[in-house]
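>>> below: sequence and its predicted model.
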Amino acid sequence: MTRRADLLESLAAHTVILLAVCFSLYPILWVVSLAFSGATSLEPQVLPIPVEPTLEPMREVVGATRVEPDGGEIWLFGRQLANSLVVSTATALIGVSIAIPTAYAFARFEFVGRREGMRLLLATQMFPAVASAVPLFMILEALELLNTRTGLVLCYASTSVPFAVFQLRSAFEAIPEDLEEAAMVDGATRFEAFVRVVLPIARPAIAVTFLFAFMTAYNEFILAATLLDDERAFTLPVVLQRFIGEYDARWDLFAAGAIVVSLPVMLLFYQVQRHMVAGLGAGGVKG
């Protein structure tokens with residue numbers, strides 16, 4: 001009876017898991033079907049399988065071009081993809097580079113204003129992005145940085161630092177100080193112990209923090225839509241939104257664009273997946 005009960009329990013558990021997987025994958029299947037069906041309207045289907053598959057929506061999205069005033073032609077989608085990748089990568093690099101020494105200082109040293117500094121960083125996370133859109137627009141307009149990658153990177157990097165500091169501070173606190181002290185006993189300076197001992201151990205947490213910062217900038221829409229009005233400077237979330245108009249919606253192009261936009265993130269996830277569990281665990285444990 002025990003073996004039969006275990007078998008039934010296992011069968012029930014696997015059935016629930018299978019249903020959960022199907023439920024989770026159904027929207028993805030629906031988007032893929034819409035992208036390759038060429039349908040411009042949302043037609044309800046129980047099993048979303050294209051009747052006549054076509055690559056035309058994908059060609060129209062990826063092959064988008066623009067004729068310049070001088071008569072030249074540019075690959076518009078390629079430029080917009082480059083905008084998203086450059087802005088997201090620069091944001092993650094700048095944010096994590098600033099957050100690493102900041103988080104280490106908060107984790108290891110006692111100084112005046114330490115607690116107040118952490119509270120201030122926490123307070124910055126309580127305001128939605130839309131609350132800062134108008135002030136940022138005025139600042140970038142005064143600096144002549146509207147419709148530029150530089151202006152967008154500055155805005156994104158400033159918002160990514162607080163989260164990165166919180167994530168990395170917890171990771172540094174989880175690393176025993178005895179390891180650094182042992183290195184310094186062997187003649188290493190505090191900086192050398194930090195570089196040679198702490199950073200290699202914290203590498204998974206740093207990789208995950210970089211990934212989160214990259215994804216946040218890559219998927220951000222509100223600030224990008226506010227600060228950019230030149231289609232040559234658009235990032236991919238703004239491009240996707242332009243397929244859905246007030247009186248006309250090209251859902252086939254939206255679905256095709258969503259698939260293309262997801263590919264860089266999927267590749268990045270694949271590269272850092274081995275760091276995900278270790279990094280999240282390190283960031284969630286306090287010593």
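On my side now, so go ahead.
>>> wait, is D70 part of a strand?
No: read with DSSP: H, G, I helix; E, B strand; the rest coil, D70 is coil and lies in no strand.
>>> can you map out the helices along this protein?
2-37, 56-62, 76-108, 114-124, 133-142, 149-173, 177-185, 190-193, 199-201, 203-219, 222-227, 236-242, 251-283 (DSSP state H).
>>> pull the contacting residues for the residue nearest to the spatial centre of the chain.
The residue lying closest to the centre of the chain (CA atoms, centre = their mean) is M215, at 0.5 Å. By CB atoms under 8 Å, 6 or more residues apart in numbering, the contact set of M215 is S88, V265. (Glycine included, C-beta is placed from N, CA and C.)
>>> what about it, distance to T91?
According to CB to CB, to the nearest Å, M215 stands 10 Å off from T91.
>>> give me the phi and psi for A233.
With angles defined as degrees, to the nearest 10, A233 sits at phi -100, psi 0.
>>> give the contact list for the closest residue to it other than its chain neighbours.
In space, A233 comes closest to N147 once its chain neighbours are excluded; the distance is 4.4 Å by CB to CB, 6 or more residues apart in numbering. For N147, the contact set (CB under 8 Å, 6+ apart) comprises L227, L228, D229, D230, A233.
>>> JSON lines for those residues, including neighbour count and distance to V51?
Shown next, in JSON lines, are the contacts of N147 (neighbours: other CB atoms under 10 Å; distance: CB to CB, whole Å):
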{"residue": "L227", "neighbour count": "21", "distance to V51": "42"}
{"residue": "L228", "neighbour count": "20", "distance to V51": "38"}
{"residue": "D229", "neighbour count": "11", "distance to V51": "39"}
{"residue": "D230", "neighbour count": "9", "distance to V51": "39"}
{"residue": "A233", "neighbour count": "20", "distance to V51": "38"}
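>>> I'd like those residues laid out as a markdown table, including distance to L29.
Putting the contacts of N147 into a markdown table (distance: CB to CB, whole Å) gives the following:
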| residue | distance to L29 |
| --- | --- |
| L227 | 35 |
| L228 | 32 |
| D229 | 35 |
| D230 | 36 |
| A233 | 34 |
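>>> among the residues you listed, which pair sits farthest apart?
Across the contacts of N147, the longest distance by CB to CB is 10.4 Å; it joins L227 and D230.
>>> find the nearest non-adjacent residue to F214, please.
A92 (4.2 Å).
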